[in-house]
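**Student:** Test case, fold it:
(2 chains)
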Amino acid sequence: MLTRRNPAAKLVAALLVAVALAPVVDPVTPGVVLAAVAVLLPFAGIPARAALVLLPPLLLAAGSVAVVNLLYGDAGPMAALGLGVRLAAIALPCVLAVLTSDPTETADALVQRLKVPERPALGVLAALRLVPLLAEQWRMLTLARRARGLEAGGRPAAAVRLFAGKVFALLVRAVRTGTQLAAAMDARGFGTGPRTHARSSVWTWADTALLAATAAVLAAAYVLSLWLGAWRPLFA
Amino acid sequence: MSADALQGARVDLIGWGWRYAGRDAWSLRGVDLSVAPGERVLLLGPSGAGKSTLLHALAGLTGPDAAVTGESEGELLLDGAPARRGRGGAALVGQDPQAQLVMARAGDDAAFGPENLGVPPEEIGPRVRAALADVGFPYGTDRSTAALSGGEQQRLAIAGALAMRPRLLLLDEPTANLDPAGAALVRGVVADLAARSGATLVLVEHRVAEAVGLVDRVVVLEPGGGVAADGPPERVFASRGADLAARGVWVPGREPEAPRGHGRPGEALIEARALRALEPRGPGVPSRGRRAVLDGVEADVRASAVTVLTGPNGAGKSTLLGLLGGLARPDGGRVRPAGALAGADRRDLGRWPARRLAGRVGTVFQHAEDQFVTGSVRDELEFAPLRAGLGARRAGAWAAELMGRLRLEGLADAHPFTLSGGEKRRLSVATALSAGPEHAPDVLLLDEPTFGQDAVTWAELAQLLHGLRHEGRAVVAATHDERLLDGFADAELRLAAGERGDPC
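**Tutor:** All right, here's what the predicted structure looks like:
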């Protein structure tokens, strides 16, 4: 199950894929990676519903990249297909890493395993808690504008002005909430010295195996693509 | 080891003062105060007296580049040493539960303070469990902090402070943002701590009557000055009670009362039938199978009457207010104008154009800032009249009249966001009144209008609503305020949590 792996292992694996595939534009190399990820997908431990919501936009994005390059690019149909497959092969592991990781465990892993500084890691984690709050505030701002007699009523210029006003008001609220949260973190002694960790981010042999398997798939993709003579670098 | 074993800190302020960055005036000056270990002190004073500032300073959060920036003078000592945040033995709990919690799970949140203090990991677990037990936290450590009610969140915030084993516990209006049930929960915890803990306790609380039993000393601060009165509660209230009450402090036995006398409910202006509303779409909410916030609610809003919406947090009072005010459309059922209001437009209120709606039905939001759309108090009040086609001169005169009625003179050029809490509330009511024909809308809906207001603003708001009712307008208020319900409301619509509401 991918949900049980250390988030640091998943993020590093996704990063390896991105680094390895970024300089390649043929369809075979990313195709092998994509096939491997697709085989893994049913075992990722994500709810079928989340997969159904997320996969169509991803496929749409990959498809449109391919189509646009086919129509307007000058590298030919194989390169266009390659660009589309490459996008899907890079994006899918990232999406899986995020979907199968708990935010708190991710922050723990970033700090304890990848030695990311505490302040940004915990700051982002705390800010994540505020996202639903901001959505609610946006809704209230919309209602409040109507109460004041303001609504776009199908006029684009009015809609833009209204939107800008709401963004400003939301920004003021967000900055204030963020400042309060930062003060609350300070009040609890954040940043006064070295921290200890109540939860430890455990790294097991399975996490090492995940990285090794990723490297193996990438190597296999390169070998197969070179052997078929399909391999093409980005700048050639 | 639990809260019992804590040893209180000693607090000494000698000629202490504080000035916010960019301000000329001192918020506090010449404060001389000593608090003995284990003493329990209630800080009082009119709004703007620097009570919160003093708590933040004791927590070590003030300074040239601290959370609260500005400069200080004199000395502020905890056990003889300058206050240092976190490591000085002081812990602060603020008023907004949403902004107190840092982590996604309850146990992780309570562990956050000890982690920051470098407590060895094997000691953190026992500390967290003890702190959660001390506040009577009813769930396990895995409980999502987002799923807690306001009162539960605030109890968790107190547990987070206790887990740091503070010798000085600072509470800044811990019940200010809570409904009566949540406030009672937190008060119980504070009373329990005050009785058992050895920690020194400094409390700011504007519901004075409820806090007085928890403390053995009251200190009154003077805006821009030092300590105006200091002593046991009964002595301070006997000598300074009248003065404090006149300046807006809720002094026990001297609270303002709502105007007596009921309205004579007239014709219905808004009729709501078989209302159903689902929880709003948003991140983390499934697009199908959204929970019903309201189901089968019936309501009549009558002229010349004050109708109150009551019920616990989460019962859908704000949602119902938005539907009755025509700001949103229900997911089932109808909200129809009736009587004089139907003369303006016969369509359901949710389908009215915004401008027509604003002229007839005014809504005052709980967060006053949400409804400000311009950069000054005067523009805010002239906004609707000018759009309604009133000339600049008449709009100016009308704005001036509203500023007079709601005590906003002298603030005409101030930015609405820079006003004090009471001023913002009065301005938001004034803007809702500004849009109507004959100088006020037919219906005024208010969401928790008296929440967190000082006693003077409270009395003014009650008088204003009384006056609007007398003029024949319909007033609807979602409220928890017992004082407003008692002897003032003409009709009550009580919503039960997540169930159907029955008019009574």
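**Student:** Tell me which residue of chain B lies closest to chain A.
**Tutor:** B:Gly86 (2.2 Å; Cβ to the nearest Cβ). (Glycine included, C-beta is placed from N, CA and C.)
**Student:** On the three-state scheme, that residue is what?
**Tutor:** Secondary structure state of B:Gly86, per DSSP: H, G, I helix; E, B strand; the rest coil, is coil.
**Student:** can I assume it is in contact with B:Leu117?
**Tutor:** Yes: assessed by Cβ atoms under 8 Å, B:Gly86 is found in contact with B:Leu117 at 6.1 Å.
**Student:** Which positions in the stretch 251-400 of chain B make contact with chain A?
**Tutor:** Within the stretch 251-400 of chain B, the positions near chain A by Cβ under 8 Å from any Cβ of the partner chain are B:280, B:282-284, B:322, B:325, B:327-328, B:353-355, B:357-359, B:362-363, B:365, B:367, B:369-373, B:383-384, B:387.
**Student:** and those, which of them are in helices?
**Tutor:** B:Gly322, B:Ala354, B:Arg355, B:Leu357, B:Ala358, B:Gly359, B:Phe383, B:Ala384, B:Arg387 (DSSP state H).
**Student:** The closest residue to the first one other than its chain neighbours: neighbouring residues, count only.
**Tutor:** By that I understand B:Gly322. The shortest distance from B:Gly322 to any residue other than its chain neighbours is 4.8 Å, reached at B:Ala328 (Cβ to Cβ, 6 or more residues apart in numbering or on different chains). B:Ala328 has 19 neighbours, counted by other Cβ atoms under 10 Å in any protein chain shown.
**Student:** So for B:Ala328, what's the pLDDT?
**Tutor:** Looking at B:Ala328, its pLDDT reads 93.
**Student:** before we move on, what about B:Ala191?
**Tutor:** Per-residue pLDDT puts B:Ala191 at 85.
**Student:** Please apply the same query to B:Ala395.
**Tutor:** As predicted, B:Ala395 sits at a pLDDT of 89.
**Student:** now the one 10 residues further on
**Tutor:** B:Arg405 carries a pLDDT score of 84 in this model.
**Student:** Report the contact partners of it.
**Tutor:** B:Ala430, B:Leu464 (Cβ atoms under 8 Å, 6 or more residues apart in numbering or on different chains).
**Student:** how does it look with 7 Å?
**Tutor:** By Cβ atoms under 7 Å, 6 or more residues apart in numbering or on different chains, the contact set of B:Arg405 is empty.
**Student:** Which elements pack onto the helix or strand that contains A:Val98?
**Tutor:** For A:Val98, the host element (DSSP states H and E) is helix A:77-99. In terms of contacts (3 or more Cβ pairs under 7 Å, 6 or more residues apart in numbering or on different chains; DSSP states H and E), helix A:77-99 is packed against helix A:7-21, helix A:28-40, helix A:48-72.
**Student:** Spell out whether the last one and chain B are in contact.
**Tutor:** So that's helix A:48-72. No: Helix A:48-72 does not reach chain B (Cβ under 7 Å from any Cβ of the partner chain); its nearest approach is 8.4 Å.
**Student:** Also compute the angle for that helix relative to helix A:77-99, please.
**Tutor:** 150 degrees (axes from the mean of the first three to the mean of the last three Cα atoms, to 10 degrees).
**Student:** do the same with the shortest one
**Tutor:** An angle of 40 degrees separates the directions of helix A:28-40 and helix A:77-99 when computed by the same axes, to 10 degrees.
**Student:** what's the nearest residue to B:Asn116 if we skip its chain neighbours?
**Tutor:** A:Gly189 (3.9 Å).
**Student:** my read: the one you found touches B:Arg85, true?
**Tutor:** Yes: in this structure A:Gly189 lies within contact range of B:Arg85 using Cβ atoms under 7 Å: 6.4 Å.
**Student:** quick one, domains of the chain?
**Tutor:** Since you didn't name a chain, this refers to chain A. As assigned by automatic domain parsing, chain A contains the domains A:2-111+A:201-228, A:118-187.
**Student:** wait, I meant chain B there
**Tutor:** Split into domains by automatic domain parsing, chain B comes to B:3-246, B:270-279+B:292-503.
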